[in-house]
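Visitor: structure here, sequence nowhere to be found:
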């Protein structure tokens with residue numbers, strides 16, 4: 001996955017957040033929870 005600010009990362013987990021999916025992504029050692037609409041698929 002790629003985020004505009006955090007760069008490229010790897011998905012560690014997925015959960016539901018209302019109508020969307022919340023992704024747990026590892027960006028170079030930093031874990032972030034980000035909604036799927038804010039990242040693009042590589």
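Guide: Nice, I can see it. Keep in mind the model is a prediction, meaning the values are calculated, not measured. Numbering: from 1, shown residues only.

Visitor: surely residue 32 meets residue 6?
Guide: Yes. Under the contact definition of Cβ atoms under 8 Å, residue 32 touches residue 6, with a separation of 6.4 Å. Bear in mind the C-beta positions are built from the backbone N, C-alpha and C, glycine included.

Visitor: identify the contacts common to these two.
Guide: residue 25 (Cβ atoms under 8 Å, 6 or more residues apart in numbering).

Visitor: ok, the closest residue to residue 3 other than its chain neighbours - contacts?
Guide: Excluding the flanking residues, the one nearest residue 3 by Cβ to Cβ, 6 or more residues apart in numbering is residue 39, at 5.0 Å. The contact partners of residue 39, by Cβ under 8 Å, 6+ apart, come to 1-3, 9, 23, 25.

Visitor: now the buried members of those residues.
Guide: Neighbour counting over the contacts of residue 39 (16 or more other Cβ atoms under 10 Å) leaves 1, 3, 9, 23, 25 as the buried ones.

Visitor: sort out which one of these lies nearest residue 15 for me.
Guide: Proximity of the buried ones among the contacts of residue 39 to residue 15 was ranked by Cβ to Cβ; the top entry is residue 23 with 8.3 Å.

Visitor: residue ranges in this structure under the pLDDT threshold?
Guide: Along the chain, the model assigns pLDDT under 70 to no residue.

Visitor: what segments of it are strands?
Guide: Secondary structure of the chain (DSSP state E): strands located at 2-3, 7-8, 10-17, 20-27, 30-35, 39-40.

Visitor: any idea which of those strands is most buried?
Guide: Between those, strand 20-27 has the highest mean count of neighbours, a mean of 16, where neighbours are mean count of other Cβ atoms under 10 Å.

Visitor: going by distance to residue 16, which of the buried ones among the contacts of residue 39 wins?
Guide: So of the buried ones among the contacts of residue 39, ranked by how close each gets to residue 16 (Cβ to Cβ), first place is residue 23, at 11.1 Å.

Visitor: and the closest one, what does it touch?
Guide: Contacts for residue 23 (Cβ under 8 Å, 6+ apart) come out as 1, 11, 13-14, 33-36, 39.
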